[in-house]
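Undergrad: here you go, sequence then predicted model.
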Amino acid sequence: MAIKIGIAPDSWGVWFPASDPNNAKQPQWWRCLDEMKVAGYEGCEIGPWGYMPNDDPKVLKNAMDARGLTLVGATEGGNFLDDAAVEGMLKDIDDISKLLKAFPSAKYIVLLPPMYTNLATGELEMNPELTDEEWATYCKNVQKCADRCAANGFIGLFHPHVDSHVQTEEQIERFLNDTNVDLCFDTGHHVYGGGEPISFYKKWAKRIPYIHFKDCDLAVKAKMDENKWSFAKAVTEDIMVEPGKGSIDFAAMHKALDECGYDGWCVVEQDLFPVKSFDVPLEKATIGRENLRKAGF
């Protein structure tokens with residue numbers, strides 16, 4: 001078994017592409033890469049499409065090679081209930097694929113669903129419950145995006161997400177049974193949704209080729225529920241913490257991965273937007289890496 005530990009730009013508070021006005025609250029992409037290496041990680045994802053340079057693959061490849069970092073994959077998100085939005089996602093997948101083809105190490109395109117709550121206010125923007133017809137549309141469109149990834153030579157993986165239509169264990173299992181799309185399994189999102197990530201991973205290991213390591217502080221989750229915070233507000237209150245500081249036993253997670261013969265990447269994500277200071281992410285990323293090292297990774 002060979003488990004490699006990477007990290008995503010999310011851990012530097014990167015939620016938006018360079019064209020978004022919120023980008024001013026995010027560190028420059030080159031600083032992000034520098035600090036990933038300094039913190040002790042082997043590889044990374046590229047974050048929101050457009051955050052890192054994408055006009056010429058050589059620019060990003062030279063930057064990654066200079067730091068000894070391996071590019072693992074990319075992400076693409078959108079509303080799987082909206083056929084028009086999905087068409088835009090398919091175009092993005094084609095563009096992302098053109099960039100990733102310059103990186104033999106990059107295998108995955110992670111497909112992110114929409115949240116049914118407003119990220120900033122917490123107000124409902126969609127019905128949390130889907131009709132059977134809506135569920136069929138949702139699954140059809142996720143499958144369509146995963147199939148486009150496959151046609152381009154990549155593996156499209158679905159990422160269950162907080163406050164989305166696929167976040168509880170029951171919902172995730174229904175999704176797995178109704179599609180051929182495997183998971184990017186996120187440990188922190190799983191805990192947030194009321195699940196137990198270690199037993200769930202062991203049950204569905206054959207459908208989980210790629211993992212995001214995130215840790216959730218359930219005490220902050222309880223405060224979030226009591227005060228009806230938005231997810232963005234909960235992030236500023238440290239609902240997602242460095243691996244090993246929350247509710248997940250990462251030594252037990254390592255044992256489960258070992259027992260199931262996991263052979264691949266585990267990529268750390270710690271939601272931080274907006275960072276209180278651009279000096280914060282490196283400190284937290286370093287602590288998280290050391291905690292994982294103590295857990296056997």
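TA: Yep, it's here.
Undergrad: and the strands in the protein, which stretches?
TA: 3-7, 43-45, 70-77, 108-112, 155-158, 184-186, 210-213, 215-216, 240-241, 264-268 (DSSP state E).
Undergrad: what mean pLDDT would you report for stretch 76-94?
TA: In this model, stretch 76-94 has a mean pLDDT of 97.
Undergrad: tell me, what residue is most central in this protein?
TA: Centroid-nearest residue in the chain: residue 212, 5.8 Å away (criterion: Cα atoms, centre = their mean).
Undergrad: surely it is in contact with residue 183?
TA: No. Residue 212 is beyond contact range of residue 183, at 9.9 Å (criterion: Cβ atoms under 8 Å). For the C-beta atoms, the positions are set from N, CA and C on the backbone; glycine is no exception.
Undergrad: which one of the strands of the chain lies nearest to residue 178?
TA: Nearest to residue 178 among the strands of the chain is strand 155-158; the distance by Cβ to Cβ comes to 11.2 Å.
Undergrad: in this protein, where's the longest helix?
TA: Longest helix in the chain, counting residues (DSSP state H): helix 132-151.
Undergrad: mind listing what's buried in that one?
TA: Buried positions in helix 132-151, judged by neighbour count with 16 or more other Cβ atoms under 10 Å: 135, 137-139, 141-146, 148-149.
Undergrad: got it, and stretch 160-179?
TA: 160-167, 169, 171-172, 175-176.
Undergrad: what's the most distant pair in the residues you listed?
TA: Greatest spacing in the buried residues of stretch 160-179, by Cβ to Cβ: 163 and 176 (19.9 Å).
Undergrad: from the buried residues of helix 132-151, which single one is nearest residue 227?
TA: Using Cβ to Cβ, the buried residues of helix 132-151 come closest to residue 227 at residue 138, 30.0 Å.
Undergrad: for that closest one, give its distance to residue 131.
TA: Per Cβ to Cβ, to the nearest Å, residue 138 is found 10 Å from residue 131.
Undergrad: and residue 247, by the same measure?
TA: Taking Cβ to Cβ, one finds residue 247 at 33 Å from residue 131.
Undergrad: looking at these two, which one has more neighbours?
TA: Taking other Cβ atoms under 10 Å, residue 247 and residue 131 do not tie; residue 247 has more neighbours (17 against 9).
Undergrad: residue 112 is in contact with residue 77, correct?
TA: Yes. Residue 77 lies in contact with residue 112 (Cβ under 8 Å); the separation is 3.2 Å.
Undergrad: quick one: stretch 116-127 to chain centroid distance?
TA: For stretch 116-127, the separation from the chain centroid amounts to 19 Å (computed by Cα atoms, centre = their mean, to the nearest Å).
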